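Colleague: Please work out how this folds:
(chains A, B and C)
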Amino acid sequence: MEVHGSEEALLDALVGAVRALDPDILVGYEVQQGSLGYLNDRATTLARPEPLLRQLSRTPTVSSMVERRNDEYGVLHASGIHVAGRIVLNLWRLLRSELKLRIYTFEACVAAVLQLRTPHIPAWVLSQWFQGGPGGGRWRCVQYIVRRARLSLAMMEQLDITGRTGEMARTFGIDFFSVLTRGSQYRVEAMMARLAHTQNYLLPAPSTEQTKNQPAMEAIPLVMEPESRLYVDPVVVLDFQSLYPSQIIAYNLCFSTCLGRPAHAAAAATPLRLGAQVFGLPKGSLSGAVAPDKLIVAPNGVAYAPPEARQGVLPRLLNEILATRIMVKAAMKRAPKTAKVLQRILNARQFSLKLIANVTYGYTAAGFSGRMPCAELADSIVQSGRETLENTIRMVEAHPEWRARVVYGDTDSLFVLLEGRSRNEAFRIGAEIAAAATAANPPPVTLKMEKVYHPCVLLTKKRYVGYMYETPKQAAPVFDAKGIETVRRDTCSAVAKMLERSLRILFSSKDVSQVKEYVERQWTKILSGRVSLADFVFAKEVRLGTYRAAHGLVPPAAQVASRAMATDPRAEPRYGERVPYVVVHGEPGARLVDMAVAPHALIESGGRLRLHAHYYIIKQIVPALERVFSLLGVDVRGWYAALPRPQRLLPQKRPAAALGLGGRGSAAGTIDAYYLSRHCAVCDGLTHAQRPICEECRGEPQGAAVVLSARAARLTEAQALLVRVCLQCGGGGGRRGTLEAGIVCDSLDCGVFFERKKATGEAAAARVLCDLALQDFE
DNA sequence: ATCTACACCTAC
DNA sequence: TCAGGTAGGTGTAGAT
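Modeller: Predicted coordinates for the structure are as follows:
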C-alpha cells in the first residue's frame, strides 16, 4: 500500500505502477463506472495535461479512449475502455456470459465462483469509515477494497478466463481479444476461410442489398405439441447428437456444393439465383461433371454435388470440429472425476466446439447481419434435420415389439412413452431405438439415448420436468426441468423454490394432499410476513434507451433503475444489467410498475412499505403451480381461497439498544440480540419475545436438546440455536450442522456477512462485522 | 372476456 | 463499422 498526499499524486503513482509492472491485461469488476472508468473520469475532472488512459498505454501515439457506443452490440460486448497495447477486461460482463445467475452483483458472483460469502458495504459507509481517520475504520475500508480486488483476480483464476480464452483463440485461429468481443460469424469465417483457401475458393461478399433480397427461408424445425399430463410410466428421451452439423456432413451440404433447384439448372436461359447471389452458369456446365442420378437432392428440392465429385468445405470443417470434440470428451473420461477444475475446463472446451458447430448453421441463415447467407442451403439443413426426426418418429411408433408412443419432440429430440414397462425395460428399449435410428441414417448421424424420465410432466412445447435417470443403475433420480419457472430467471426464487418442492413431493409421494399441506404452510408464512425478502426479489435485465417510447410504459426493473438515477446519476445500470426489485402494496388500482421498488427501499422504509404478499401468491405462485397441478384436476386457486388468513404481524419495533445501533461500541455485541423473534425457532409458533424457544418446545426433545446444549456450552439459547438452524429461513431444512461457515444458510443469498469468533472453538457468539449488514438483513 | 403489442427469457 | 438462427410461453396493460 502506498500513501499519497493528493489525488494528482495518486494518479501519477498509478501510472508509474502500471508502467513498472507493464501488464498485458488490466481487469476491473466493472470498468466503466468503477475501476479504470472512474479513475479516468477523475483524471478528466482534474484536467491533467495528458489523458490517463494514454498514460497507461504501451503506445502513447495510438489512441486510448473511452468508447461511447450506443448501439446494442457495442455496449454489450466491448469493455468500453481502450488502453492501447493492453487488454482491458470488464469482469462482470465476462461472468455474465460465463455463469447463469439470477443477479450479477460482485457478492453473488464471488459466492457462485469461489463459494465464499462476502459483505456488501455501500460506498457511503466506506466513505464514512475512511473519513473516521486513522484507526479501525480507515483500515477496515482499505482492507475491504483490497480484498475485493483480490477476489476479482481469484475469480479470473478459478474460471481460468485467460487460459480458456487463449485456448479458444488457438482453436478458432483468431486473437485473444476478438474471442471476447467479436461474434460467431468471425469465428466461423476464420475457420472456414482458411479451409476454403486451401481449395482455391474465395468467399463471396454480397452487398446488404443483395442479402436483403435473397429468397425467404421456408423450412421450419419440427416442434410437437405434447400431450399435457403427468406421465407415471417411463419416458425415454433420445436426441440426435449435433443434428444440423451431422446433416451437413452426411449430405455434403455446403455453399461450394449447392447447385440450386434442378429445374433451374435445366432451364439455363434464366440465370441461377442462389442465396444472395445470381449466377450465370453456361448451359451444360453441370452435366459433364456429375451424373444427374448421383446428385443429392435435399428435401427442400435443392441439389448438391455428391462428395465423390466435390467435397464441401463446411462438411470438411465440421468433420474436424466434431472429431476434436470427441477427443476432448474422451480426455474428460480419462481425467479423474475429482479434478474438478480440469473437468470443467475440458467440458467448456467441448462445449465451445459444439457451439461453433451449431452456429455454422446460423451462419448460413444469418439474415439480419449475415455476410454470406444462403437461404436455400439453410433450408436444406433444417428440412433434412426435420425429415430425419420425422422418419425416426414413424419408425419408433411402427415397431411392434416396442409398443412405444412418441409424446413429444423438438427439433432433434423425441420423448418416447413406454406404457406399463419398468425403468430397466425402458433403458433397454431406449438403447434399441438409438441403435436402430443410428443404423437407419448415414454417418455421422447418431441418435443417442439421453435419459429416462420416471415420472415426468409435459406441460407445453419447450416446458417439461421430471425425475431423471441417466443409467439403469442410478438409484436416486435427479430433478430435471426445462423451461419452467424453476429454471427461469424472470421469476423470484420463492416461486422457483415452491414449484420445485411441490413437484418433488408429487414425484416422490404421488400424493397431492402432501403438496397441499406444504403449499398452505408456505402461503401462511408469506401472508404473516415470516419470510426472507431475498426470496421475493425479481431481477431482470434492463436495457435503457431501447424501450418503445410510443408504448409509454417501461418494465418495472427499468422504472426502478430510472428512479435510482434521479438521485444518483452514477447508479445508471449498465446495458443488460440485472436490476433487482420487489413488489409492495400501492394505491388501489395501481399498476405493477408503480408498486415495484428497490429491495433496499422496502428495507429502509421502516414499515411504510409492505411486501405485496397477495400479488406474489395470486400472480406468481398460484399460476405456476396451477399449470402443473390443474393437469391432475387440482384446484390450486381454491386451496388459496379456502386458506384461513393468518393475522399479519407488524414489523417489530425493537429498542435501538437491543439492536446495538445506539452507536458504535454498543454493549449489545452478540448476534442473538439481532434475532429476537416472536416465533419459536423450533416450531415456528408464537413465543415470548425474549425466549427464542416457546414453552411447549422446551418440553419437546428438540427444544430440550437446545436448552441443554446451550447450558453445556455456556451459551444463551439463541446462541446455541445458531449452529442448528439457519436464522434467516428459520427451519434449516436439512442443512443442520452445515452452518460452520455462516450463520445464515447457503440457500439464501442475503449478502450478510458474519465473522465467527473461533477463539474458543465452540459455537461462540458471532459479531456483526458491519452495522450495515443489519439493514440488508432485516 | 378476448385480443394485441411489448418485454423477457428459455429450448433447440 | 461490428452484430448466428427460429420457436415458444408468460406477464402486463391497454384496446376492442
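Colleague: quick one: low-confidence ranges for chain A?
Modeller: The model of chain A has pLDDT under 70 over residues A:67-79, A:134-135, A:262-271, A:280-289, A:550-551, A:646-692, A:696, A:699-778.
Colleague: In it, spot the helix with the most residues.
Modeller: helix A:340-365 (DSSP state H).
Colleague: what distance separates it from the middle of the whole chain?
Modeller: Put simply, helix A:340-365 sits 16 Å off its chain's centre (Cα atoms, centre = their mean, to the nearest Å).
Colleague: and what of stretch A:378-393?
Modeller: On Cα atoms, centre = their mean, the centre of stretch A:378-393 falls 30 Å from that of its chain.
Colleague: Can you report how many residues lie near the residue nearest to A:A378 when sequence neighbours are not counted?
Modeller: Closest residue to A:A378 apart from its sequence neighbours, by Cβ to Cβ, 6 or more residues apart in numbering: A:A365 at 3.7 Å. All C-beta atoms are positioned from the backbone trio N, CA, C, and that covers glycine. Other residues near A:A365 number 18, with proximity taken as other Cβ atoms under 10 Å.
Colleague: OK, contacts around A:A365?
Modeller: Contacts for A:A365 (Cβ atoms under 8 Å, 6 or more residues apart in numbering) come out as A:M217, A:P373, A:A375, A:A378.
Colleague: change it to 10 Å
Modeller: A:M217, A:A219, A:Y244, A:P373, A:C374, A:A375, A:L377, A:A378, A:D379, A:I381, A:V382 (Cβ atoms under 10 Å, 6 or more residues apart in numbering).
Colleague: and if you look at A:G466?
Modeller: A:230-231, A:234-235, A:237, A:415, A:451-458, A:477-482, A:503, A:507.
Colleague: ok, of these, which come out buried?
Modeller: Burial by neighbour count, 16 or more other Cβ atoms under 10 Å: within those this picks out A:230-231, A:234-235, A:237, A:415, A:451-458, A:477, A:480-481, A:503, A:507.
Colleague: how near is the nearest residue to A:L592 once chain neighbours are set aside to DNA strand C?
Modeller: Closest residue in space to A:L592, ignoring its immediate chain neighbours: A:P556 at 5.8 Å, by Cβ to Cβ, 6+ apart. Counting by Cβ to the nearest atom of the strand, to the nearest Å, the gap from A:P556 to DNA strand C is 8 Å.
Colleague: If I follow the layout properly, A:P556 ends up in contact with A:C492?
Modeller: No. A:P556 lies out of contact with A:C492 (Cβ atoms under 10 Å); the separation is 11.9 Å.
Colleague: Give the intersection of the neighbour lists for the two.
Modeller: Common neighbours of A:P556 and A:C492 (Cβ under 10 Å, 6+ apart) are A:F538, A:Y581, A:V582, A:V583.
Colleague: And those, which of them are buried?
Modeller: A:F538, A:Y581, A:V582, A:V583.
Colleague: Which strand or helix spans the third one?
Modeller: Remark: A:V582 resides in strand A:577-583, with elements defined by DSSP states H and E.
Colleague: Does anything pack onto that strand? Which helices or strands?
Modeller: Helices and strands touching strand A:577-583, by 3 or more Cβ pairs under 10 Å, 6 or more residues apart in numbering; DSSP states H and E, are helix A:91-98, strand A:538-542, helix A:556-567, helix A:592-595, strand A:596-597, helix A:599-604, helix A:613-615.
Colleague: Adding distance to DNA strand B as columns, could you present the ones you listed in CSV?
Modeller: Converted to CSV, these look like this (distance: least, Cβ to the nearest atom of the strand, whole Å):
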stretch, distance to DNA strand B
helix A:91-98, 11
strand A:538-542, 3
helix A:556-567, 6
helix A:592-595, 11
strand A:596-597, 12
helix A:599-604, 16
helix A:613-615, 18
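Colleague: Which of the ones you listed sits closest to A:Q128?
Modeller: helix A:599-604 (16.3 Å; Cβ to Cβ).
Colleague: longest strand of chain A?
Modeller: Longest strand of chain A, by residue count under DSSP state E: strand A:447-460.
Colleague: Output it as PDB - backbone C-alpha positions only.
Modeller: Output of strand A:447-460 as PDB, limited to C-alpha atoms (Å, rounded to 0.1, in the frame of the first residue of the first chain):
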ATOM      1  CA  LEU A 447     -29.300 -40.900 -32.200                       C
ATOM      2  CA  LYS A 448     -28.400 -41.100 -28.500                       C
ATOM      3  CA  MET A 449     -30.400 -42.100 -25.500                       C
ATOM      4  CA  GLU A 450     -30.100 -39.200 -23.200                       C
ATOM      5  CA  LYS A 451     -32.200 -40.100 -20.100                       C
ATOM      6  CA  VAL A 452     -35.300 -41.700 -18.800                       C
ATOM      7  CA  TYR A 453     -37.900 -39.700 -17.000                       C
ATOM      8  CA  HIS A 454     -39.800 -41.500 -14.300                       C
ATOM      9  CA  PRO A 455     -42.100 -39.900 -13.700                       C
ATOM     10  CA  CYS A 456     -42.500 -36.600 -15.600                       C
ATOM     11  CA  VAL A 457     -44.900 -33.900 -16.500                       C
ATOM     12  CA  LEU A 458     -45.000 -32.400 -20.000                       C
ATOM     13  CA  LEU A 459     -46.600 -29.000 -19.800                       C
ATOM     14  CA  THR A 460     -46.400 -27.400 -23.200                       C
END
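Colleague: Can you name the next helix or strand after that strand?
Modeller: strand A:463-469.
Colleague: The residue nearest the centre of chain A: what's its closest spatial neighbour, skipping adjacent residues?
Modeller: Most central in chain A under Cα atoms, centre = their mean is A:K100, positioned 1.9 Å from the mean C-alpha point. Among residues not flanking A:K100 along the chain, A:R489 sits closest, at 7.5 Å (Cβ to Cβ, 6+ apart).
Colleague: what helix or strand is that neighbour on?
Modeller: Going by DSSP H and E, A:R489 is not in any helix or strand.
Colleague: Please look at it and A:V495 and confirm they touch.
Modeller: No. Applying Cβ under 10 Å, one finds A:R489 not in contact with A:V495, separated by 11.2 Å.
Colleague: Name the residue in the two with the higher neighbour count.
Modeller: A:V495 (25 against 17).
Colleague: phi, psi of the more buried one?
Modeller: Taking degrees, to the nearest 10, you get phi -60, psi -50 for the backbone angles of A:V495.
Colleague: Provide a list of residues in contact with it.
Modeller: A:485-486, A:488, A:535-536, A:538, A:616-617, A:619-625.
Colleague: right, and A:A601 touches A:V583 too?
Modeller: No. In this structure A:A601 lies outside contact range of A:V583 using Cβ under 10 Å: 11.8 Å.
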